[in-house]
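Chemist: Coordinates for the following, if possible.
(chains A and B)
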There are 2 protein chains.
Amino acid sequence: MRKFVAHRAKSLITNATAPLLNPHHQSSSSSNYYYTSRLSRFLTSIASDTSMASDKSTPPLTIESLNPKVLKCEYAVRGEIVSLAQKLQQDLQVNPGSHPFEEIIYCNIGNPQSLGQQPITFFREVLALCDHPTILDKSETQGLFSADSIERAWQILDQIPGRATGAYSHSQGIKGLRDTIAAGIEARDGFPADPNDIFLTDGASPAVHMMMQLLIRSENDGIFCPIPQYPLYSASIALHGGTLVPYYLDEATGWGLEISELKKQLEAARQKGITVRALVVINPGNPTGQVLAEENQRDIVEFCKKEGLVLLADEVYQENIYVPEKHFHSFKKVARSMGYGDKDIPLVSFQSVSKGYYGECGKRGGYMEVTGFSPEVREQIYKVASVNLCSNISGQILASLVMSPPKVGDESYESYSAEKDGILQSLARRAKTLEDALNNLEGVTCNKAEGAMYLFPRIVLPNKAIKEAESLKKAPDAYYASRLLNATGIVVVPGSGFGQVPGTWHFRCTILPQEEKIPAIVSQLTEFHKKFMDEFRD
Amino acid sequence: MRKFVAHRAKSLITNATAPLLNPHHQSSSSSNYYYTSRLSRFLTSIASDTSMASDKSTPPLTIESLNPKVLKCEYAVRGEIVSLAQKLQQDLQVNPGSHPFEEIIYCNIGNPQSLGQQPITFFREVLALCDHPTILDKSETQGLFSADSIERAWQILDQIPGRATGAYSHSQGIKGLRDTIAAGIEARDGFPADPNDIFLTDGASPAVHMMMQLLIRSENDGIFCPIPQYPLYSASIALHGGTLVPYYLDEATGWGLEISELKKQLEAARQKGITVRALVVINPGNPTGQVLAEENQRDIVEFCKKEGLVLLADEVYQENIYVPEKHFHSFKKVARSMGYGDKDIPLVSFQSVSKGYYGECGKRGGYMEVTGFSPEVREQIYKVASVNLCSNISGQILASLVMSPPKVGDESYESYSAEKDGILQSLARRAKTLEDALNNLEGVTCNKAEGAMYLFPRIVLPNKAIKEAESLKKAPDAYYASRLLNATGIVVVPGSGFGQVPGTWHFRCTILPQEEKIPAIVSQLTEFHKKFMDEFRD
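Modeler: All right, here's what the predicted structure looks like:
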């Protein structure tokens, strides 16, 4: 913070020329004193003439008078199709049998526990004990909780000043928890990690917003995003008034990321006057499910290095890999293994407790690891984090737990491993079953779900269906998704919400419904698709 | 959502004239189809000419190339003085006895549990049970938890779809919890509250940001804020690129809010071309601690109604009132009692679990109650809330608990009441003791702490002290605060962080140190102040 303080002191002096008029009495000791108020830059100076001329009266609060950036922002995974699903669900509650299905199956969003996935017992034991530490030394607690969860809760409480789990923490999160996370990153990557680089956040979304807020100055600042992309990025860029600069993933090569495409799009953007500031990579991919090869990651690092781009690495699916031939490599590990140190490349890695095998979406925990930024820039990130005081402590604790789960020899280790492996193996089977089922549908091709929680099949829709959608003022994939929902109760998100090569149609479907429901989903989907094609086949 | 959907459908048609060029193969079925992608508005169109001319290459990531709104933003309660405190704390750890005090006493921020306040047992019991529901029907649990906490946990779990406390909720928060909160508001106000008006948030700060994001279009949009104000407002307005329009509270009348001052400042702002969109009122006041009289609140409502301003009511200290002659009245209750209905005045009330007698800052729970907005505007708020998916579920549960604590007859009622009354009565005593002590200091006057958690005394500093500060490039109140910290370990925030009438000097000090420490704090403060005055007295 010291440099930031120095910087502020300097700015106070620079501002010495703009004193505020004083509406009230002035103290004898200092009139128009330059450092009177830090707020002076934000205050409108108070005119002594207060005649009642209203130049600019307040417009009525209508949609037209809202911030246009808000109006521009869209978020498909909770958009139109979900509103329709909620309406149908209400119908079913009020009037069972009113639709040709018994329940809504939400495949629109990566929300595992909403579909029946159980939380990891050890994690919840520790959270409960930290929420109510007074039971820690009661004898009944031994019967209810594992010995290592009790031990871990004590460890965590000892890391919290005054054991106060109800206090605001350091703006970056509790130091001891950041130590644990840094150790987890080191163990994962084999390269050092610094707890001072960790910013704990309420899930990954606020971390992404924070970086966009920092980097985007105007619509002339561009952020490179994959297309298809997770709509958090388009939404956040819109809210901060920047420009999304697309690079297209190549569906034909399993959603490959080609450096030639990056080069082409970067030049195109620059020719349009856009300053591209950062490159977003989502690995494993959302909505596309691919896992990048290490070689490919090296090329991306090299590209960012050469072009001076901040690399924003969305690595929230790092634990979700379903094929034995692919492995997760963090971009930081890749960069370090190429010999790039902390000073060589600005890199942010986002992680979340919402994904992985834990799927703790409701806890809103996560972190970003920020490396390669100057101390002055880091202090600005710290300042923005401070304005929201801190992320929630339960989420902070959980973020430390997922980066440091039970180890061999711990009482919980076996049950923990069984829970974890059960979830991941089941997800792999579900992904394969759904992928095969989709590839069996007429006109549908679906790349392998190597990782993450989604399939993103392409549908070649008949012209008749496209015309029908047109007459209803709907995107053809949105029309398909709404027909699917109305027929089966299955909620998927149209590809247009993520971006896709123009003229192609897709949808995103999670692999998260419980395994025993998958066969029924496959047969409903197959039956619907056949009827749909029978209705519209050209 | 339906109107929003209709609006979007219309915007899709309006955008029909701007098709995207297709960088890849085109499907036969639809080239340049107007509804190809919702993202099209954000994508830079892809130029076919990809010659390597770099018009605008990426600038190095320096502080100068960051978003200037971020640079502008300041947040004094975690600013310079806190950095100094953290440094001193480290010194004391490494080298005990290195300073003339044994510990740092953080009076800079309303963070009760960091200073030893204990959480309310019932609330923590319910949170722990909801975190680990599998223990709910174990026999040992009866011995560890109160019967009504077990019953309440069951009730809450039944309100959560699938009892999934680890799932993302509805973007506004779990419906059953919003029902409980609405019922709590009704019981408090005697007027109806609608659960659909409640947006649960991670503390009050994100709710304030959300409203600023919605209302501020440019630096020509102004938000009326009290001076002194809580720096969340100045920070949020800066981050969203608006203008803070000040109205000064009158220190001479106990930080009174005069309508004549509002009128004067509104006209002054309008004459400068500022469109004032909303009025922030903090009641009970932060940092000023006053509780508004109902009559005064009526005048404010009338003023907002007449001038078309959104009333943003920061009511997070609604439970923190320490004088028998003052009572909390929500602005919604006041507006309804004046006969204004939901359609008559746009009003947002912010509430938080961080304050009150509970002080659960680390849980990051809170809500805003949004009334008087059109359905179209409400849908925009919903959309922005959706981009962050939902607030953390523990915080949501806690927000429902503070609005619906144990009642007479519940097993926990007596212990709950004893804990609550103990905390509030002790806070009242601490406020009075500190207020009296401050008023005994030479050149210091301190208004009554009627509510909230702060005192905001005025110090008339000697000219010599002001000159000394000047030579150190410090604001005189910041100089005083740093001297106080270095001498005593007591951390207060200089008034310049909150805004004050130019030429006056203040500091904000919380009333939160534990009661047994107050006498020592008073004597340290008194001794320091005497020495300071002896050193600088003119």
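
Chemist: Stretch A:461-478 close to chain B?
Modeler: Yes. Judged by Cβ under 8 Å from any Cβ of the partner chain, stretch A:461-478 comes into contact with chain B at A:461, A:462, A:463, A:466, A:470, A:473, A:474, A:475, A:476. All C-beta spots, glycine's among them, are computed from the backbone N, C-alpha and C.

Chemist: Pop out the phi and psi values for the second one.
Modeler: As for residue A:462, its main-chain torsions (degrees, to the nearest 10) stand at phi -60, psi 150.

Chemist: what's near enough to touch residue A:312?
Modeler: A:208, A:211, A:223, A:278, A:279, A:280, A:281, A:348, A:350 (Cβ atoms under 8 Å, 6 or more residues apart in numbering or on different chains).

Chemist: again with residue A:240
Modeler: A:69, A:209, A:212, A:213, A:216, B:67.

Chemist: Reformat the residues of stretch A:461-478 next to chain B as JSON lines; add pLDDT and neighbour count.
Modeler: As requested, these are arranged in JSON lines below (pLDDT from 0 to 100; neighbours: other Cβ atoms under 10 Å in any protein chain shown):
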{"residue": "A:461", "pLDDT": "96", "neighbour count": "25"}
{"residue": "A:462", "pLDDT": "96", "neighbour count": "19"}
{"residue": "A:463", "pLDDT": "96", "neighbour count": "14"}
{"residue": "A:466", "pLDDT": "96", "neighbour count": "23"}
{"residue": "A:470", "pLDDT": "95", "neighbour count": "16"}
{"residue": "A:473", "pLDDT": "93", "neighbour count": "14"}
{"residue": "A:474", "pLDDT": "93", "neighbour count": "21"}
{"residue": "A:475", "pLDDT": "93", "neighbour count": "24"}
{"residue": "A:476", "pLDDT": "95", "neighbour count": "27"}
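
Chemist: Which two of those have the greatest separation?
Modeler: A:462 and A:473 (18.7 Å; Cβ to Cβ).

Chemist: related to what we said a few turns ago, out of the contacts of residue A:240, which comes closest to residue B:308?
Modeler: residue A:69 (22.3 Å).

Chemist: how far away is the closest one from residue B:217?
Modeler: 8 Å (Cβ to Cβ, to the nearest Å).

Chemist: Could you check which helix or strand contains residue A:373?
Modeler: For residue A:373, there is no host helix or strand (DSSP states H and E).

Chemist: give me the number of residues near it?
Modeler: 21 (other Cβ atoms under 10 Å in any protein chain shown).

Chemist: ditto for the one 4 residues further on
Modeler: Applying the criterion other Cβ under 10 Å, we find 20 residues in the vicinity of residue A:377.

Chemist: Show me which residues of whichever strand or helix holds it are buried.
Modeler: For residue A:377, the element it lies in under DSSP H and E is helix A:375-387. Residues of helix A:375-387 classed as buried by neighbour count (16 or more other Cβ atoms under 10 Å in any protein chain shown): A:377, A:378, A:379, A:380, A:381, A:382, A:383, A:384, A:385, A:386, A:387.

Chemist: Likewise for stretch A:105-123?
Modeler: The neighbour-count criterion (16+ other Cβ under 10 Å) identifies A:105-115, A:117, A:119-123 as the buried residues of stretch A:105-123.

Chemist: Then stretch A:486-493?
Modeler: By neighbour count with 16+ other Cβ under 10 Å, stretch A:486-493 contains the buried residues A:487, A:488, A:489, A:490, A:491, A:492, A:493.

Chemist: Quick check: strands, which of these are part of them?
Modeler: A:490, A:491, A:493 (DSSP state E).

Chemist: pLDDT score assigned to the first one?
Modeler: To tie it back to what came earlier, the one meant is residue A:490. pLDDT recorded at residue A:490 is 96.

Chemist: Residue A:40 now?
Modeler: For residue A:40, the model assigns a pLDDT of 43.

Chemist: Would you reformat the contacts of residue A:240 as TSV and include secondary structure?
Modeler: Output for those, formatted as TSV (DSSP: H, G, I helix; E, B strand; the rest coil):
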residue	secondary structure
A:69	helix
A:209	helix
A:212	helix
A:213	helix
A:216	coil
B:67	coil
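
Chemist: would you turn these into TSV with distance to residue A:439, neighbour count and pLDDT?
Modeler: Below are those laid out as TSV (distance: Cβ to Cβ, whole Å; neighbours: other Cβ atoms under 10 Å in any protein chain shown; pLDDT from 0 to 100):
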residue	distance to residue A:439	neighbour count	pLDDT
A:69	40	20	92
A:209	37	20	96
A:212	36	26	97
A:213	41	22	96
A:216	40	25	96
B:67	45	23	92
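
Chemist: about what we covered before: the buried residues of helix A:375-387: which ones sit near chain B?
Modeler: Checking these against chain B by Cβ under 8 Å from any Cβ, the ones in range are A:377, A:380, A:383, A:384, A:386, A:387.

Chemist: For stretch A:100-120, the averaged confidence score.
Modeler: Confidence over stretch A:100-120 (mean pLDDT, whole number) is 94.

Chemist: Quick one: end-to-end distance for it.
Modeler: 35 Å (Cα to Cα, to the nearest Å).

Chemist: now that stretch, how far from the chain's geometric center?
Modeler: 19 Å (Cα atoms, centre = their mean, to the nearest Å).

Chemist: and stretch A:190-200, which residues are buried?
Modeler: Buried residues in stretch A:190-200, defined by neighbour count with 16+ other Cβ under 10 Å: A:193, A:195, A:197, A:198, A:199, A:200.
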